[in-house]
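>>> A predicted structure for the sequence below; I have some questions about it.
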Amino acid sequence: MSDFKREDLRVVVLAGGISDEREISFASGANVVEALKEEGYGKVVTLDPASEGFLNQLEHGGFDVAFIALHGRGGEDGMIQSILEFLDIPYTGSGVIASACAADKDVSKALYERAGIPIAKGMTLASDDEVCVADIIEVVGEECFVKPAVNGSSFGVTYVKNADELPHALETVFDHGDKALIEERLVGTEITVGVFGDPAHALPIVEILPQEGSDFYDLDVKYIDPALVHRIPAAIASEDYRKAEEFAVRAHEALGCTGFSRSDFIVTERGPVILETNTIPGMTSTSLFPDEARHANIPFSKVCDELIRIAIKRWER
């Protein structure tokens, strides 16, 4: 199928889903559909995994390939990838194990460390663990971030400025999952590095510009005009730029990612420190990954086309 004709290929774009990022996923999916049509794909259907009869439609739809535009739980964690493999449908992005490892920030941090990528000091707590604020502060300091170990798009994330705020932050995080990751607050420049293609290579690095009234790159900031938030290329030292590119590709490979990913870093006094890797980055008109690709002179439609080609090549292998 590697010499497929775009007009004949039946593509299912999976968008929506069961996570907190459902609405963002619909926006990503709509952008992907438009891009595929621009590239000449004549048979493109969108399905929502949360809809009634989804599995039956997926199994009997005669699809040649699935383009996964799902974010968070059910989309980036290996769940939908397992279903597609069972149904023998090629799909874009990373496989089951890579997706599951990247989705769990606790697991991915262990893989980063093993690959020699600097990580933040931190600890994890389960929802039924006893909480000792003093012990947490001893590990991460008073200023820290509390986030779901498995989630995305800043849902459930709290910037804690002092010990008194920790209990409420933990209540919030356990509304979004049963495992919390608590990390030191890193001081420096926030950047993100897209990785694309086969073989994988880094895209131009984006610097996340601080916004008045926001303590970090939260939901209020992520989906405003990119020109107000993204600086490309990032204005960081050349050595830090080189290291961030290297670490992003290394993270992509350590997790076993395929096609594309996007890793977030804080550039501190000691250099770039990784925060997390997204195996299905946002693909809306304001998202980071499409913006990076544009600055590498790769139109978004070409990104989507190449991801389908990589998916089919992997399946044929």
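Great, that's in hand.
>>> Measure how buried the nearest residue to Cys144 once chain neighbours are set aside is and give me the count.
Distances taken as C-beta to C-beta, 6 or more residues apart in numbering place Val160 nearest to Cys144, at 5.0 Å, with adjacent residues excluded. To be clear about C-beta, it is placed using only N, CA and C from the backbone, and glycine gets the same treatment. Val160: 23 surrounding residues under other C-beta atoms under 10 Å.
>>> Residue numbering should commence at 722 henceforth.
In the new count, where the first residue is 722, that last one comes out as Val881.
>>> Got the phi and psi for Val881?
Torsion angles at Val881 (phi, psi; degrees, to the nearest 10) stand at phi -100, psi 120.
>>> got a list of what it touches?
Going by C-beta atoms under 8 Å, 6 or more residues apart in numbering, Val881 touches 863-867, 887, 890.
>>> All the strands of the stretch 922-1038 of the chain, in order from the start?
Residue ranges of the strands in the stretch 922-1038 of the chain, as given by DSSP state E, counting those that start in this stretch, are 922-923, 927-929, 951-952, 981-989, 992-999.
>>> Okay, now the unreliable bits of this structure?
722-724, 872-875, 932-948 (pLDDT under 70).
>>> Let me see the domain layout of it.
Listed by automatic domain parsing, the domain ranges of the chain are 731-814, 822-839+908-1016, 843-905.
>>> Show me the one of those domains that comes nearest Glu1037.
Nearest to Glu1037, of all the domains of the chain, is domain 731-814, at 8.4 Å by C-beta to C-beta.
>>> The residue nearest to Asp919 when sequence neighbours are not counted: what's it in contact with?
Using C-beta to C-beta, 6+ apart and skipping residues adjacent in sequence, the residue nearest Asp919 is Ile1031, 5.1 Å away. Neighbouring residues of Ile1031 by C-beta under 8 Å, 6+ apart: 813, 918-919, 979-980.
>>> swap in Glu928?
By C-beta under 8 Å, 6+ apart, Glu928 lies in contact with 910-912, 951-957.
>>> Mind doing that once more with 6 Å?
With contact set as C-beta atoms under 6 Å, 6 or more residues apart in numbering, Glu928 has these partners: 912, 952, 955-956.
>>> now swap in Phe968 and tell me
Contacts here follow C-beta under 6 Å, 6+ apart; on that basis Phe968 touches 838, 993.
>>> Give me the distance between it and Leu907.
14 Å (C-beta to C-beta, to the nearest Å).
>>> Touching, Leu887 and Val852? I think so.
No. At 7.9 Å, Leu887 and Val852 do not qualify as touching, with contact defined as C-beta atoms under 6 Å.
>>> Quick one: neighbours of Pro931, just the number.
13.
>>> which residues in the stretch 722-871 of the chain form strands?
731-735, 764-768, 786-789, 843-847, 865-869.
>>> one step back: narrow the contacts of Glu928 to just the buried residues.
Among the contacts of Glu928, those classed as buried by 16 or more other C-beta atoms under 10 Å are 912, 952, 955.
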